[in-house]
Structures are given as C-alpha cells and as structure tokens.
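Novice: got a predicted structure here, sequence first:
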Amino acid sequence: QVQLVESGGGVVQPGGSLRLSCAASGLTFSRYATGWFRQAPGKEREFVAAISRSGAMYYADSLKGRFTVDRDNAKNTVSLQMNLLKPEDTAVYYCASERFPELGRNYAYTGRYAYWGQGTQVTVSS
C-alpha cells in the first residue's frame, strides 16, 4: 500500500522560509514524477512544482525563483524549499506521485498523479 506523508508545515512570517518534505512508503520516488500542489480556502488546487524521474524540475511560473523542489533518493523523500514567503502562499500543500511512469511534461495536471498525501498547512502571517 502506497502512503505519502508531508511534513514541515507551520506558521511563518512574511519573508520567511519553510522546507516541506514528503516521505513515501510502498513507492520509490525516483521511479516516478512527483508533484507539489497547494490549495487555499475557497480556491482550486494549483500546481506548485514537480520533479521528473530524471530529476528535471518544473515550477509554476509565479513561483520560480522562490521555491525549489529536490529529491533525496537515499532517503526516498521529495522536498520543497520555500523562500521569501508571502501571505498569498498560505495554503495546504500536498505532494503527489504517479502510479505509472508517464510520458509528457503535463506535470501540472492533477490527473497525472494517483497517490496523494494528506497535506500540510502553511500559514504566512505577521
């Protein structure tokens, strides 16, 4: 059984940083693409970042330069480093993984991912 568990969320002041981690059981991250998404109250779930099987990284245009996704194959974790956080970054953040390796670069499409974590709350507030 596959399980994804996010951690690292919390409350941070504007301009601060957080590092989220996603740990997997029953799945090896390096065999699949992994995505990060977020959902703010009353809004649709939106793409944040993704890392492909080969390690290529993709980001939502609005987040480039502030967010960085990486993967630790030895620990089987995928992380999201978030810097210069803004109040509008407040959301529940989810990691997600493919069930089968897919071709194409539609990493922002939620339907690509079969497995999702329970989410971790990030609140940016002074």
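Specialist: Happy to help now that I have it. No experiment lies behind these values; they were computed from the predicted model shown. Residues are numbered from 1 along each chain as shown.
Novice: backbone dihedrals for Ala96, please?
Specialist: Main-chain torsions, Ala96, degrees, to the nearest 10: phi -150, psi 150.
Novice: what's the answer for Ser62, then?
Specialist: Dihedral angles (degrees, to the nearest 10) for Ser62: phi -70, psi -10.
Novice: just give the number of residues close to it.
Specialist: 11 (other C-beta atoms under 10 Å). Using the backbone N, CA and C atoms, a C-beta is placed for each residue, glycine as well.
Novice: per-residue confidence at it?
Specialist: Looking at Ser62, its pLDDT is 93.
Novice: how much space between it and Gly10?
Specialist: 22 Å (C-beta to C-beta, to the nearest Å).
Novice: so who does Thr34 touch?
Specialist: 22, 50-51, 69, 71, 78, 95-98 (C-beta atoms under 8 Å, 6 or more residues apart in numbering).
Novice: next: Trp116.
Specialist: Contacts of Trp116 (C-beta under 8 Å, 6+ apart): 4, 94-96.
Novice: ignoring the adjacent residues along the chain, who's closest to Thr110?
Specialist: Arg45 (6.2 Å; C-beta to C-beta, 6 or more residues apart in numbering).
Novice: wait, Ile51
Specialist: Val69 is the one closest to Ile51 (C-beta to C-beta, 6+ apart), at 4.9 Å.
Novice: buried set for the helix or strand hosting that neighbour?
Specialist: Taking DSSP states H and E as the definition, one finds Val69 inside strand 67-72. The neighbour-count check on strand 67-72 (16 or more other C-beta atoms under 10 Å) flags 67-69, 71 as buried.
Novice: over to stretch 52-66?
Specialist: 52, 58-60, 63.
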